[in-house]
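[1] below is the sequence, then the predicted model.
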Amino acid sequence: MADSKWQTYEEVAAYLLGNFSEHFGLSRVEGKQSIPGVRSGTDWTIDAKGICQGTEAFVIIECRRHTTSKQDQEQLDGLAYRIIDTCAQAGILVSPLGFQSGAEKVAQSEGIVHVELHEDSTPTEFAMRFLNKIFVGIHERCQLSGHCEAELRRVCEKCGEQFPVRANERMCDVCS
């Protein structure tokens, strides 16, 4: 069950970042994929990849649905190395909570920004914060009902007034 929650969180995060890509300086966001490490020669599986606007440069997007503590320095170190090894422009870490102080230093030095995304977000119901911007999705279901009546009317051949149609009458009650 926990694995599906993580997978869902990653998919929702990639979807939302893609929908709001221009706010992050990205032209598009691609889903989970493997990218080669230039220095190490290893392949890295990343949660998502953001393509920078106007270039082919990219940012690594990592999603961590940790709900009890902020990201620590060790957790950011791994992302920082993947940025260096793949020649990525920067990184985005999506999580419900922010960074601890040591992690914040690593993030600043390697161009990693935090996107706060509520842990139970869905594509339609979410709360996401990035720098001074807040994005909220609210999905409400409404049911409408109503009553409609129609009346067929005819124009009187004698006076030109309208009257309700009854059988084959051609004149209103006043003229007939």
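    Perfect, I can see it now. Since we're looking at a predicted model, the values are computed, not measured.

[2] which parts of stretch 91-111 are buried?
    Within stretch 91-111, the residues scored as buried using 16 or more other C-beta atoms under 10 Å are 91-97, 99-100, 103-104, 106-107, 110. Placement of C-beta: from N, CA and C, glycine included.

[3] in CSV, list the residues you listed along with distance to residue 159, pLDDT and secondary structure.
    Below are the buried residues of stretch 91-111 laid out as CSV (distance: C-beta to C-beta, whole Å; pLDDT from 0 to 100; DSSP: H, G, I helix; E, B strand; the rest coil):
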residue, distance to residue 159, pLDDT, secondary structure
91, 81, 96, strand
92, 76, 96, strand
93, 79, 96, strand
94, 74, 96, strand
95, 77, 94, strand
96, 74, 94, coil
97, 79, 91, coil
99, 83, 93, strand
100, 87, 92, coil
103, 86, 93, helix
104, 85, 93, helix
106, 89, 94, helix
107, 84, 94, helix
110, 87, 91, helix
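
[4] end to end on stretch 125-140, go ahead and measure it.
    End-to-end distance of stretch 125-140 (C-alpha to C-alpha, to the nearest Å): 9 Å.

[5] ok, back up a step: Throw the buried residues of stretch 91-111 into TSV and include distance to residue 61, thanks.
    Below are the buried residues of stretch 91-111 laid out as TSV (distance: C-beta to C-beta, whole Å):
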residue	distance to residue 61
91	7
92	5
93	8
94	7
95	11
96	15
97	17
99	16
100	20
103	17
104	18
106	17
107	14
110	14
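
[6] quick one: which two of those are the most distant?
    Spatial extent of those (C-beta to C-beta) is set by the pair 96 and 110 at 21.5 Å.

[7] sorry, back to before: of the buried residues of stretch 91-111, closest to residue 19?
    Looking across those and measuring by C-beta to C-beta, the closest to residue 19 is residue 94, at 13.5 Å.

[8] my guess is that closest one contacts residue 60, does it?
    No - taking contacts as C-beta atoms under 8 Å, residue 94 lies outside contact range of residue 60: 11.3 Å.

[9] gap between the two ends of stretch 24-43?
    Stretch 24-43 has its terminal residues 26 Å apart, counting by C-alpha to C-alpha.

[10] that stretch: how far from the chain's middle?
    On the basis of C-alpha atoms, centre = their mean, to the nearest Å, stretch 24-43 sits 20 Å off its chain's mean C-alpha point.

[11] which residues of the chain fall in strands?
    Using DSSP state E, the strands found in the chain span residues 26-30, 33-36, 43-46, 48-52, 58-63, 90-95, 112-117, 126-130, 133-137, 153-155, 162-164.

[12] now render those as JSON lines, adding distance to residue 70.
    Formatted as JSON lines, the strands of the chain follow (distance: least, C-beta to C-beta, whole Å):
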{"stretch": "strand 26-30", "distance to residue 70": "24"}
{"stretch": "strand 33-36", "distance to residue 70": "27"}
{"stretch": "strand 43-46", "distance to residue 70": "21"}
{"stretch": "strand 48-52", "distance to residue 70": "21"}
{"stretch": "strand 58-63", "distance to residue 70": "15"}
{"stretch": "strand 90-95", "distance to residue 70": "8"}
{"stretch": "strand 112-117", "distance to residue 70": "9"}
{"stretch": "strand 126-130", "distance to residue 70": "14"}
{"stretch": "strand 133-137", "distance to residue 70": "19"}
{"stretch": "strand 153-155", "distance to residue 70": "71"}
{"stretch": "strand 162-164", "distance to residue 70": "73"}
